[in-house]
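Peer 1: no letters, just coordinates:
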């Protein structure tokens, strides 16, 4: 992840993208004496209020402050909106088209700790990254399938999740719980049936021009929506940084669900970027590809075709 000397840049809303501004240091100066820690326990079962997040580079900021209620009833205020709530090891829109190789991006939650200065009594804020997921995106060479998997790095998440097409007789995409082969074999032995795939979220596009997608849970309840805001390109910005990507969580969720949802949003943005960046194939290219895949397609059924890039 980022070195100690690399501090995340402050969030500059509404197109104020002057990257020449010096980042805000979150660490106390060396002249300050040791301080006493004031730690607020962080529980994955804390209930978080609705919140909006914005991606800027490899950092994800809360667009507005939010509050949480811990299981003990104590309230904890989120970090200042100018400080990131999550961070990635790489910029998604700098990854290119991941064809033939597996690519990984680490996803961390940024935890903040407040310490009381032993001499002045003022609060000093420090931060550290908490590993939550490894995001993996893979497109095999000469294939029309893709894999988008979130590998958990903490037990305080929803576990391993795979995003893929919702399936037959459904539209959109779903974030499925990924069970191990041993777990599925145990269920088959116990019930004599193929285990039903459990899923957490379903993503459907509702506005193609603004890139608006709605996220619903397995009960059909709207839990979040994502979109992109287009701004005038500033000097030093690449073609993708002129877009501001946002996720609005519209209902109260646990910290476990919030952290996992933001990670899956990053993984989903990665897929959308890969689709946009994928070179368009001519009819000749498609014909050659189908000729190469004819032997493989003969042994496939409709349900095993997998995820098609679309």
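Peer 2: Structure's in. What do you need? Small disclaimer: the values here were computed from a predicted structure and weren't measured. Numbering: from 1, shown residues only.
Peer 1: all strands of the stretch 201-310 of the chain, in order?
Peer 2: Taking DSSP state E, counting those that start in this stretch as the criterion, the stretch 201-310 of the chain carries its strands at 212-217, 222-230, 243-249, 253-254.
Peer 1: next one: the stretch 51-200 of the chain
Peer 2: Using DSSP E, counting those that start in this stretch, the strands found in the stretch 51-200 of the chain span residues 51-56, 59-62, 67-69, 75-77, 86-88, 102-117, 123-138, 147-152, 161-165, 173-177, 199-207.
Peer 1: the ones you listed into a markdown table, with extra columns for mean pLDDT, distance to residue 183 and mean neighbour count?
Peer 2: In this view, the C-beta of every residue, glycine as well, is placed from N, C-alpha and C. As requested, those are exported to a markdown table (pLDDT from 0 to 100; distance: least, Cβ to Cβ, whole Å; neighbours: other Cβ atoms under 10 Å):
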| stretch | mean pLDDT | distance to residue 183 | mean neighbour count |
| --- | --- | --- | --- |
| strand 51-56 | 94 | 32 | 22 |
| strand 59-62 | 94 | 32 | 23 |
| strand 67-69 | 59 | 32 | 16 |
| strand 75-77 | 42 | 35 | 12 |
| strand 86-88 | 96 | 29 | 22 |
| strand 102-117 | 87 | 23 | 17 |
| strand 123-138 | 89 | 20 | 18 |
| strand 147-152 | 94 | 15 | 20 |
| strand 161-165 | 93 | 14 | 21 |
| strand 173-177 | 95 | 10 | 20 |
| strand 199-207 | 93 | 16 | 17 |
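Peer 1: out of those, which comes closest to residue 273?
Peer 2: When these are ranked by distance to residue 273, counting by Cβ to Cβ, first place goes to strand 123-138 at 9.4 Å.
Peer 1: closest to residue 41 out of the strands of the stretch 51-200 of the chain?
Peer 2: Comparing those by Cβ to Cβ, strand 75-77 comes nearest, at 8.8 Å.
Peer 1: how close does residue 219 sit to residue 177?
Peer 2: Distance check for residue 219 against residue 177: by Cβ to Cβ, to the nearest Å, it reads 15 Å.
Peer 1: same check on residue 131?
Peer 2: Separation of residue 131 from residue 177 (Cβ to Cβ): 20 Å.
Peer 1: any low-confidence regions in the stretch 201-310 of the chain?
Peer 2: Judged by pLDDT under 70, the stretch 201-310 of the chain has its weakly predicted residues at 208, 231-242, 279-283, 285-286, 289, 292-310.
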